[in-house]
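Trainee: Next one to model:
(one chain, ligands or ions: 2)
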Amino acid sequence: LVTRMQPFGTTIFAEMSALAVRTGSINLGQGFPDTDGPPEMLDAAAHALRNGRNQYPPGPGVPELRAAISAHQKEYWGLDYDPDGEIVVTAGATEAIAAAILALCDAGDEVVCFEPYYDSYAASIALAGAVRRPVTLTPDESGEGYAFDATQLRAAFGPRTKLVLLNSPHNPTGKVFSREELTLIAELCQEFDAVAVTDEVYEHLVYDGLAHIPIATLPDMRERTIQISSAGKTFSCTGWKVGWACGPASLVSAVLRVKQFLTFVNAGPLQPAVAVALGLGSSYVDGVRAALESKRDRLCAGLSSAGFRVLRSSGTYFVTVDLGSGADGISYCRSLPERCGVVAVPTQVFYDNVDQGRRLIRFAFCKRDDVLDEAVRRLRLLE
Ligand code: PMP
Ligand code: GLN
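Mentor: Ligands and ions are numbered 1, 2, ... in the order given. You can find the predicted model right below:
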């Protein structure tokens, strides 16, 4: 069956997680935590299930969740969004991203995105019949960060640019975009009248004292940004698929128009529970960040001790290693489970310019310390 979706096959996460199960390996491929989120949130979900919250919620999301998202945006980022009209709850960030692209792009319109990019981006752009214009994030010589070329960024914009898809903190690199970089992107959005669609699912997972800066907080950007996040990462509930999009009413209503016909509504009893989680305040969020920062350090030190060249990750669940010239990450990741019982993900599948990522593979560190330690023990046994 040859359609425009035919090239997309099976996602790398599904392939690698199935390989982990089949070989009984430790799965440091797909990014999901192996411990539960806050008990208050879990209790609230159980309560909602037992107390009649099991039918269709309102289209934009239950009022208490929209109010909690609004308060969270204000508390952390100083952004004001009206719960009635400027916030929509979605089936994960994934649906919000897809709905935003489908809402804003007609066939042939262009989307600027930074490669390597999260795998749903290319698929959602293709669903809309739009065209991706990748800008490459390249690791610097020292392995201490990733940068893009400003000339390549400018060249990616043109008369058909409809939106920029920006993910910071960035999966898979762990890059946290700086204010200078965001300013450059914001200026181009204004010059070319493009909308920024921002994937900020790792908004709270930023390390080394760095700050996450939503591009919506830059001058004149709130009015042209759809800011997207999710409960999955912050509250360790990736299977709940509760996400949201915030922005000016004109943009959010366009997202909602599409969402109506993708899922209509989602996660009725889980939405009030996420509202409880968002209300837990900064001590919970700070605890998650501190725990993950120490896991990042633990895995990075272990990978280095096993002989890998580790590229710095400043955020997210992930760290990338460079296997060196001549290496191919896909064949490496396919054989790693047989060789030592550990699963990782080849980063090259997130590139259009695959040569840029051929040598790179990604490990997830959102796992219990004993699991990380056992993975490192196994990797140290490699020849
Ligand atoms: N964006 C990025 C960058 C991600 O890593 C993920 C992975 N979970 C998502 C979006 C999807 O989020 P959700 O599960 O809320 O759809
Ligand atoms: N976001 C997760 C990752 O990058 C996986 C999500 C998925 O499996 N689609 O590993």
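
Trainee: For ligand 1, what is the nearest residue in the stretch 1-150 of the chain?
Mentor: Distance from ligand 1 to each residue of the stretch 1-150 of the chain (CB to the nearest ligand atom) is smallest for Gly92, at 2.4 Å. Every residue, glycine included, has its C-beta placed from N, CA and C.

Trainee: thought that residue was touching Ile228?
Mentor: No - shown here, Gly92 and Ile228 do not form a contact pair, counting by CB atoms under 8 Å, at 9.6 Å.

Trainee: intersection of neighbour lists for those two?
Mentor: Counting by CB atoms under 8 Å, 6 or more residues apart in numbering, the contacts common to Gly92 and Ile228 are Gly243.

Trainee: Can you give me the domain boundaries for this structure?
Mentor: Split into domains by automatic domain parsing, the chain comes to 6-36+286-380, 39-282.

Trainee: so does the shortest one get close to ligand 2?
Mentor: Yes - shown here: domain 6-36+286-380 in contact with ligand 2 (CB under 6 Å from any ligand atom) through 11, 13, 30-31.

Trainee: End to end on that domain, go ahead and measure it.
Mentor: With CA to CA, to the nearest Å applied, domain 6-36+286-380 spans 39 Å between its terminal residues.

Trainee: got it, and the last one?
Mentor: The straight-line separation of the ends of domain 39-282 (CA to CA) is 16 Å.

Trainee: Can you pull out the residues in contact with stretch 40-54?
Mentor: Contacts with stretch 40-54, where a contact means CB under 8 Å, 6+ apart, come from 36, 235, 237, 268-270, 272-277, 280.

Trainee: Mind doing that once more with 6 Å?
Mentor: Stretch 40-54 is contacted by residues 235, 268-270, 272-273, 276-277 when judged by CB atoms under 6 Å, 6 or more residues apart in numbering.

Trainee: and what of stretch 275-285?
Mentor: Stretch 275-285 has contacts (CB under 6 Å, 6+ apart) with 38, 40-41, 44, 64-65, 68, 72, 204, 235.

Trainee: And stretch 150-170, by the same measure?
Mentor: In contact with stretch 150-170 (CB under 6 Å, 6+ apart) are residues 104-105, 109-113, 121, 133, 135, 176-177, 188-189, 192, 194-199, 202, 206, 315-316.

Trainee: Where strands are concerned, which of those count?
Mentor: Judged by DSSP state E, the subset of those located in strands is 110-113, 133, 135, 195-199.

Trainee: check those against ligand 1, which are close?
Mentor: Restricting the ones in strands among the contacts of stretch 150-170 to those within reach of ligand 1 (CB under 6 Å from any ligand atom) leaves Asp199.

Trainee: circling back to that earlier point, need the domains of the chain in CSV (columns: mean neighbour count).
Mentor: Shown next, in CSV, are these (neighbours: other CB atoms under 10 Å):
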stretch, mean neighbour count
domain 6-36+286-380, 18
domain 39-282, 20
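
Trainee: In TSV, list these along with mean pLDDT.
Mentor: Listed next are the domains of the chain as TSV, based on pLDDT from 0 to 100:
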stretch	mean pLDDT
domain 6-36+286-380	96
domain 39-282	97
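
Trainee: so Asp199 sits right up against Ile228, yeah?
Mentor: Yes - contact criterion CB atoms under 6 Å: Asp199 and Ile228 qualify, at 5.4 Å.

Trainee: Find residues that contact each of the two.
Mentor: Listed as contacting both Asp199 and Ile228 by CB under 6 Å, 6+ apart are Ala93.

Trainee: hang on, the residue of the stretch 1-150 of the chain closest to ligand 1 packs against Trp240?
Mentor: No - between Gly92 and Trp240 there is no contact under CB under 6 Å: 8.1 Å.

Trainee: Next, show the common contact partners of the two.
Mentor: Common neighbours of Gly92 and Trp240, counting by CB under 6 Å, 6+ apart, are absent.

Trainee: if we can go back for a sec, find the nearest non-adjacent residue to the residue of the stretch 1-150 of the chain closest to ligand 1, please.
Mentor: Spatially, and ignoring its direct neighbours in sequence, Gly92 is nearest to Lys241 (3.8 Å; CB to CB, 6 or more residues apart in numbering).

Trainee: Need the nearest residue in space to Val349, chain neighbours excluded.
Mentor: Nearest residue to Val349 in three dimensions, chain neighbours excluded: Ile12, at 4.8 Å (CB to CB, 6+ apart).

Trainee: doesn't Phe350 make contact with that neighbour?
Mentor: No - using CB under 6 Å, Ile12 makes no contact with Phe350, being 8.2 Å away.

Trainee: What separation do you get for the one residue in the stretch 151-300 of the chain that gets nearest to ligand 2 and Leu205?
Mentor: Ligand 2 sits closest to Asn171 of the stretch 151-300 of the chain, with a gap of 5.1 Å, by CB to the nearest ligand atom. Between Asn171 and Leu205 the distance is 10 Å, computed by CB to CB, to the nearest Å.

Trainee: Overlap of the contact sets of those two?
Mentor: With CB under 6 Å, 6+ apart as the test, Asn171 and Leu205 both reach Thr316.

Trainee: contacting residues for the most centrally placed residue in the chain?
Mentor: By CA atoms, centre = their mean, the chain has its centre lying nearest to Val201, at 5.0 Å. Listed by CB under 6 Å, 6+ apart, the contact set of Val201 reads 93, 229-230, 233.

Trainee: if we go to 10 Å?
Mentor: 31, 92-94, 96-97, 118, 167, 169, 171, 228-234, 238, 243, 316-317 (CB atoms under 10 Å, 6 or more residues apart in numbering).

Trainee: In strands only, show me these.
Mentor: Among the contacts of Val201, DSSP E puts 167, 228-230, 243 in strands.

Trainee: how many other residues sit next to Leu382?
Mentor: 12 (other CB atoms under 10 Å).

Trainee: ok, now which ones touch it?
Mentor: 306-308, 336, 339-340, 342.

Trainee: How about the longest helix seen in the chain and ligand 1, touching?
Mentor: Counting by DSSP state H, the longest helix found in the chain is helix 282-305. No - Helix 282-305 lies apart from ligand 1 when judged by CB under 6 Å from any ligand atom; the minimum separation is 13.6 Å.
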